[in-house]
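Novice: I would like to see how this sequence folds:
(2 chains)
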Number of protein chains: 2
Amino acid sequence: MAKRSGEFEVISRYFAPLARDVSGSFDLSDDAAVFTPSAGHEVVVTADALVAGVHFLADDPPGQIAAKLLRVNLSDLAAMGAAPLGYVVTAAWPAQLDDDWIGAFAAGLAADQAVFGIGLLGGDTVATPGPLTLSLTALGQVPVGTALRRGGAESGDFVFVSGTIGDAGAGLALARDQAGTGADAAAAQFLLDRYRLPQPRLALGQLLRGVATACIDVSDGLLADLGHLVEASAVAAEVAFDSVPLSPACRQVSDPQAAMTAGDDYELLFTVPPAAVEAVPLLARRAGVPVSRIGRITAGSGVAVRRADGSAVDFATTGYRHF
Amino acid sequence: MAKRSGEFEVISRYFAPLARDVSGSFDLSDDAAVFTPSAGHEVVVTADALVAGVHFLADDPPGQIAAKLLRVNLSDLAAMGAAPLGYVVTAAWPAQLDDDWIGAFAAGLAADQAVFGIGLLGGDTVATPGPLTLSLTALGQVPVGTALRRGGAESGDFVFVSGTIGDAGAGLALARDQAGTGADAAAAQFLLDRYRLPQPRLALGQLLRGVATACIDVSDGLLADLGHLVEASAVAAEVAFDSVPLSPACRQVSDPQAAMTAGDDYELLFTVPPAAVEAVPLLARRAGVPVSRIGRITAGSGVAVRRADGSAVDFATTGYRHF
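Specialist: Numbering: from 1, shown residues only, chains lettered A, B, ... in the order given. The predicted structure follows:
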């Protein structure tokens, strides 16, 4: 049987190195960690849980699972305009995951710590008779009073979204049935990557502080998350059907309706008042991510999607429902 | 079949009320929460996970599970000398837990929020095909540079512990086999309560800032945790066997060796230099918890337990090993 160390060894061998240069983590050797936000900043905190067989496939590569766990949380920080500071992680491991698996999972976290300039502050590892269950709490900071919220959109604001929409949903379909989609090899690889490795838009989120009136990340689906945004803002939105950005790969395998209701894109969806609209392309270039104007905020409630001729596009469902 | 609502309804009905008066929680309606530590303070963060069938019994009352989840984390804050600020929680629910169960779990959190003066900042709820798996991240604060650590004990310091030791271990034995222990009804109830409802020593921990040279909470067992403390401090400890505080109820069913190696007491174990020893009883009275002097820090390594005649007490095991 493959080697499986006890809790103390797992922490000291695989997780303490992730905290080694993190001030206040005490190399995971104390009861808790300590950190101080920068002067004039407040702390932003978010948590997400992932379960094998529900949010990822049990035989997905461990480093990829680690990256997804970290990045879905960093995407929430991005949607608040926050800069990441660090994270704590808890893991309930099934007995069949051996040291090699845990080492590869930790290596995935280490790689992303370097990408995002953050470190491990603490956590807990426990045994479970059930599926691998992971929980991560990400901590970030924003200058006091500048956090982006869902609830600030006003009638007349323009609606923007970063990147392309629907890729992750198409990638999930490919992961389940590669042959059935008819995508070419390059498109398939692109879509699978988009599903497996979210790209939290941290730079864009921080640049949008003071510019965007409302912001949310696209996790439930473009229309579902726009629905959350307009509900929190007590406004309505009209989306121009033809303006929603789809990648060429997504167009090979999916239609715009499906793309707009698929989840897990982790792009930023945000609103900008007319006076600030001209700044958006500049900010997008600085952030290194394309941004598309897809609609307008109006009075009322709900989200309508219209074709160029003004006719409404019907959707059977507005997004993935969790749970 | 009992009613089981979807994720959005579960959050809005049972968890959003826990965040209602919490500044920066945005009623759980945003991507993340925002909080600001007091001026001159730093943030203390800790996380623990609990799994049904591993850390609690699946048929334990939901409110009791909620309290244990919160309190084991608050105990870690207490051991750092921190005042609690708030928490985030993630829950992976099996399908058979219905709305009533989730409501009782949330009510347990609500009751303890009132006890400890804290609120819910955020979290995530997901489905699992496995056992109920809970993860909680507690956030607290200390004045900058005053956090209690495990690693500060020095030769000559005295060793103290709060409360009584071994009760939780005896309570766990009772929970497993009530008849086999021979405890009277009152003792059994006391021990079961001590096992089920940890009492994080938050007031004592905060009063020990600037007084204790090292501190840890007793979760693995008195000797195991003292071992962690002396290892982190690069010192040794001698414990006077007769001075370890056992409750009358614990004495009915357990011996001191078993008490000193049982886990889950969540008392504070700390060291104090000779010059500050006289302050400890006063601080204990102010905190409302008894404190006992049980030993001394010496040069060297490891933990020795001695009887009044100087002979060493042998222990087959020094504490509960996780995992």
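
Novice: Any regions of the stretch 51-200 of chain A where pLDDT drops low?
Specialist: Regions of the stretch 51-200 of chain A meeting the criterion pLDDT under 70 cover residues A:178-181.

Novice: so what's residue A:78 up against?
Specialist: A:200-202, A:204-206, A:217, A:268 (CB atoms under 8 Å, 6 or more residues apart in numbering or on different chains). Bear in mind the C-beta positions are built from the backbone N, C-alpha and C, glycine included.

Novice: Does the residue of the stretch 51-200 of chain A at minimum distance from chain B lie in a helix or a strand, and which?
Specialist: Among the residues of the stretch 51-200 of chain A, residue A:130 lies closest to chain B, at 2.0 Å counting by CB to the nearest CB. For residue A:130, there is no host helix or strand (DSSP states H and E).

Novice: Chain neighbours aside, what residue packs nearest to it?
Specialist: Nearest non-adjacent residue to residue A:130, counting by CB to CB, 6 or more residues apart in numbering or on different chains: residue B:130, 2.0 Å away.

Novice: so how far is residue B:120 from the one you found?
Specialist: 24 Å (CB to CB, to the nearest Å).

Novice: Over to residue A:232?
Specialist: From residue A:232 to residue B:120 the distance is 18 Å (CB to CB).

Novice: what about residue B:130 and residue B:120, which has more around it?
Specialist: residue B:120 (25 against 22; other CB atoms under 10 Å in any protein chain shown).

Novice: who touches that one in this structure?
Specialist: B:15, B:18-19, B:22, B:25, B:28, B:86-89, B:109, B:113.

Novice: swap the cut-off to 10 Å and go again
Specialist: B:15-20, B:22, B:25, B:27-28, B:33, B:70, B:86-89, B:106, B:109-110, B:113 (CB atoms under 10 Å, 6 or more residues apart in numbering or on different chains).

Novice: Residue A:18 touches residue A:102, doesn't it?
Specialist: No - with contact defined as CB atoms under 10 Å, residue A:18 does not reach residue A:102; the gap is 12.0 Å.

Novice: Pick out whichever of these two has more residues nearby.
Specialist: Between residue A:18 and residue A:102, counting by other CB under 10 Å, residue A:18 is the more crowded of the two (23 against 20).

Novice: In contact with the residue of the stretch 51-200 of chain A closest to chain B, which residues?
Specialist: With contacts defined as CB under 10 Å, 6+ apart, the neighbours of residue A:130 are A:51-53, A:92, A:94, B:51-54, B:92, B:94, B:128-133.

Novice: element containing residue A:296?
Specialist: Going by DSSP H and E, residue A:296 is part of strand A:291-298.

Novice: I'd guessed residue A:128 sits against residue B:51; true?
Specialist: Yes - Residue A:128 lies in contact with residue B:51 (CB under 10 Å); the separation is 4.8 Å.

Novice: picking up where we left off before, please list which of the contacts of residue B:120 also come close to chain A.
Specialist: Filtering those for proximity to chain A by CB under 10 Å from any CB of the partner chain leaves B:25, B:27, B:33, B:86-89.

Novice: Inside helices: which ones of those?
Specialist: Nothing among these maps onto helices, per DSSP state H.

Novice: Which one of those residues is nearest to residue B:46?
Specialist: residue B:87 (9.9 Å; CB to CB).

Novice: Count the neighbours of the closest one for me.
Specialist: Neighbours of residue B:87 (other CB under 10 Å): 32.

Novice: now the helices for the stretch 51-200 of chain A?
Specialist: Per DSSP state H, counting those that start in this stretch, the stretch 51-200 of chain A carries helices over the ranges A:62-79, A:99-116, A:167-176, A:185-196.

Novice: can you put the ones you listed in TSV and add distance to residue B:210?
Specialist: Shown next, in TSV, are the helices of the stretch 51-200 of chain A (distance: least, CB to CB, whole Å):
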stretch	distance to residue B:210
helix A:62-79	34
helix A:99-116	34
helix A:167-176	51
helix A:185-196	50
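
Novice: Of all these, which one comes closest to residue A:8?
Specialist: Taking the helices of the stretch 51-200 of chain A one by one with CB to CB, helix A:99-116 is closest: 13.3 Å.

Novice: Counting by contacts, list what the helix or strand containing residue A:269 packs against.
Specialist: Assigned by DSSP H and E, residue A:269 belongs to strand A:268-272. Judged by 3 or more CB pairs under 10 Å, 6 or more residues apart in numbering or on different chains; DSSP states H and E, the packing partners of strand A:268-272 are helix A:62-79, strand A:158-162, helix A:202-207, strand A:214-217, helix A:222-233, helix A:279-287, strand A:291-298.

Novice: let's see it at 7 Å
Specialist: Counting by 3 or more CB pairs under 7 Å, 6 or more residues apart in numbering or on different chains; DSSP states H and E, the packing neighbours recorded for strand A:268-272 are strand A:158-162, strand A:214-217, helix A:222-233.

Novice: which one of the ones you listed lies closest to residue A:76?
Specialist: Across the helices and strands packed on strand A:268-272, residue A:76 has its closest neighbour in strand A:214-217 (6.3 Å, CB to CB).

Novice: Residues in contact with that closest one: which ones?
Specialist: The contact list for strand A:214-217, computed with CB atoms under 7 Å, 6 or more residues apart in numbering or on different chains, reads A:75-76, A:78-79, A:81, A:148-153, A:205, A:208, A:225, A:228-229, A:233, A:266, A:268-271, B:31.
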